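Undergrad: here is a sequence with its predicted model. Questions after.
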Amino acid sequence: MAYELLMPQLGLTMEEGTVTTWLKQEGDAIKVGEPILEITTDKLTNEVISEYDGTLLKIVAQEGEDIPVKGLLAYIGQPGEAVGGAAAAAPAAAPAAAPVFVSSGEAAVDVVTKIPMTGIRKAIANNMYNSLQSMAQCTAAAEIDVTDLLAYRQKLVAQQDFLGCKVTVNDLLSMAVVKMLKKHPLVNATFDGKTIFAHSSVNLSVAVAAEAGLMVPVVRGADRMGLVQLHNAMKDLADRARDKQLRDGEQSNGTFTISNVGMFPIDWSTPIINPPQVAIMGFGRAVKKMAVVNDQPAVRSMMTMYLTFDHRVIDGLEVGRVMEDMQTLLCNPELITA
């Protein structure tokens with residue numbers, strides 16, 4: 001018994017697809033995992049993959065034809081079977097094993113969607129790959145008590161009419177990073193493989209998740225800004241990054257990157273350095289946990305802080321001092337805005 005290969009439905013709104021290219025011809029043997037044909041819908045090209053062995057007996061839908069969902073594309077069965085009132089084409093090769101069919105009578109296929117790499121996505125991929133290939137990247141992490149930091153942020157939120165903005169946790173984390181970097185110029189540096197360039201100004205790269213991909217706009221001169229000014233600068237860049245409105249050069253010449261994934265159920269990660277920078281700091285979500293405070297158990301808000309660094313430039317001692325200074329700032333949040 002020959003079975004029908006039908007046009008698959010790739011989405012709830014899909015009504016038809018276009019047969020782009022037949023990758024197999026009548027009489028060809030088909031093996032599990034082999035693509036049978038390509039179809040196009042909504043400007044995406046999709047491969048229809050066989051999930052069984054058999055023979056392509058007869059092609060019904062020709063290249064260029066628009067076929068409705070569940071419309072007949074071809075017949076698949078055993079070599080020599082009659083389909084559509086006529087004998088099928090003879091097999092081009094030795095008969096394959098008997099095909100496996102789904103109970104509905106439709107051929108079992110796996111539809112693979114080809115998603116072309118855009119210019120931005122391709123650039124991100126190349127940058128991340130080259131970063132890992134060219135650096136001795138290590139990651140150090142520490143769990144920090146941010147109970148007082150969150151309480152301090154709420155005090156600032158209560159003053160938003162006076163401040164002119166609603167301060168976020170990310171604002172305080174970023175401001176703390178800027179203060180730390182002023183004490184550690186070797187971390188606020190770039191490296192070309194031969195020479196280390198320690199920067200006196202903090203040009204803070206801020207990772208922003210956008211539909212087009214990861215964008216990393218740069219807040220220039222962040223060390224010369226107060227908390228509100230830093231908030232406004234980061235918000236402006238993030239909004240324009242998501243709207244694809246960044247200007248040329250606004251993602252270049254950063255000296256250090258911050259990545260905050262605290263809005264997701266992520267405790268920590270190992271972020272990849274944005275070359276030619278030599279380090280990147282990230283923050284996970286804040287989670288309430290039992291902790292020991294003054295030798296007594298207490299529920300505290302804990303957050304994991306992590307630093308990926310280029311070990312060619314930064315040694316473990318410097319990393320320890322960086323983490324120590326960040327802990328001091330986050331556990332004593334008044335120091336962040338002092």
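TA: Here it is on my side, so go on.
Undergrad: in the stretch 101-250 of the chain, which spans are strands?
TA: 109-114, 137-145, 189-191, 196-198, 204-206, 208-210, 213-215, 218-219 (DSSP state E, counting those that start in this stretch).
Undergrad: ok, which of those comes nearest Trp268?
TA: Evaluated with Cβ to Cβ, those place strand 137-145 nearest to Trp268, the distance being 5.5 Å. (C-beta placed from N, C-alpha, C; glycine too.)
Undergrad: centre of the chain to that closest one, how far?
TA: 21 Å (Cα atoms, centre = their mean, to the nearest Å).
Undergrad: in its sheet, which strands sit next to that strand, and in what direction?
TA: Here strand 137-145 has these sheet partners by DSSP bridges: strand 296-310 (antiparallel).
Undergrad: give me the mean pLDDT for the partner strand.
TA: On average, the pLDDT along strand 296-310 is 97.
Undergrad: tell me which residues touch Gln327, please.
TA: Shown in contact with Gln327 (Cβ atoms under 8 Å, 6 or more residues apart in numbering): Ala142, Ile144, Met305.
Undergrad: my guess is Asn188 contacts His199. True?
TA: Yes - counting by Cβ atoms under 8 Å, Asn188 touches His199, with 5.3 Å between them.
Undergrad: re earlier: tell me which of the strands of the stretch 101-250 of the chain sits most buried.
TA: strand 204-206 (a mean of 25; mean count of other Cβ atoms under 10 Å).
Undergrad: one step back: which among the strands of the stretch 101-250 of the chain is found nearest to Met326?
TA: Relative to Met326, the nearest member of those by Cβ to Cβ is strand 137-145, separated by 7.5 Å.
Undergrad: CA-only coordinates of the closest one in PDB, if you can.
TA: What follows is strand 137-145, C-alpha atoms only, in PDB (Å, rounded to 0.1, in the frame of the first residue of the first chain):
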ATOM      1  CA  GLN A 137      39.200  33.000  30.000                       C
ATOM      2  CA  CYS A 138      38.400  32.100  33.600                       C
ATOM      3  CA  THR A 139      35.400  32.800  35.800                       C
ATOM      4  CA  ALA A 140      35.200  33.500  39.500                       C
ATOM      5  CA  ALA A 141      31.900  33.600  41.400                       C
ATOM      6  CA  ALA A 142      30.700  34.700  44.900                       C
ATOM      7  CA  GLU A 143      27.300  34.700  46.600                       C
ATOM      8  CA  ILE A 144      26.600  38.100  48.000                       C
ATOM      9  CA  ASP A 145      24.000  39.200  50.600                       C
END
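Undergrad: now tell me what touches that strand from outside.
TA: Applying Cβ under 8 Å, 6+ apart, the contact partners of strand 137-145 are 131, 268, 270-273, 291, 300-311, 316, 319-320, 323, 326-327, 330-331.
Undergrad: before we move on, back to that, right, and the strands of the stretch 101-250 of the chain - which one's nearest Lys70?
TA: Relative to Lys70, the nearest member of the strands of the stretch 101-250 of the chain by Cβ to Cβ is strand 109-114, separated by 12.8 Å.
Undergrad: that closest one: partners in the sheet, and parallel or antiparallel?
TA: Strand 109-114 pairs in its sheet with strand 44-50 (antiparallel), by DSSP bridges.
Undergrad: average pLDDT across the helix or strand that comes right after the strand it pairs with?
TA: Note on strand 44-50: by DSSP states H and E, the next helix or strand toward the C-terminus is strand 54-59. Mean per-residue pLDDT for strand 54-59: 89.
Undergrad: report the mean per-residue pLDDT for the following helix or strand past strand 54-59.
TA: Remark: after strand 54-59, the chain's next helix or strand is strand 66-68, criterion DSSP H and E. Mean per-residue pLDDT for strand 66-68: 91.
Undergrad: which strands border the next helix or strand after strand 66-68, and is each parallel or antiparallel?
TA: Later in the chain than strand 66-68, the nearest helix or strand by DSSP H and E is strand 72-77. When pairing is defined by DSSP bridges, strand 72-77 lines up against strand 3-6 (antiparallel), strand 54-59 (antiparallel).
Undergrad: just those strands: most buried one?
TA: For those, the highest mean count by mean count of other Cβ under 10 Å goes to strand 54-59, at a mean of 24.
Undergrad: how distant is it from the center of its chain?
TA: Counting by Cα atoms, centre = their mean, strand 54-59 is centred 40 Å from the centre of its parent chain.
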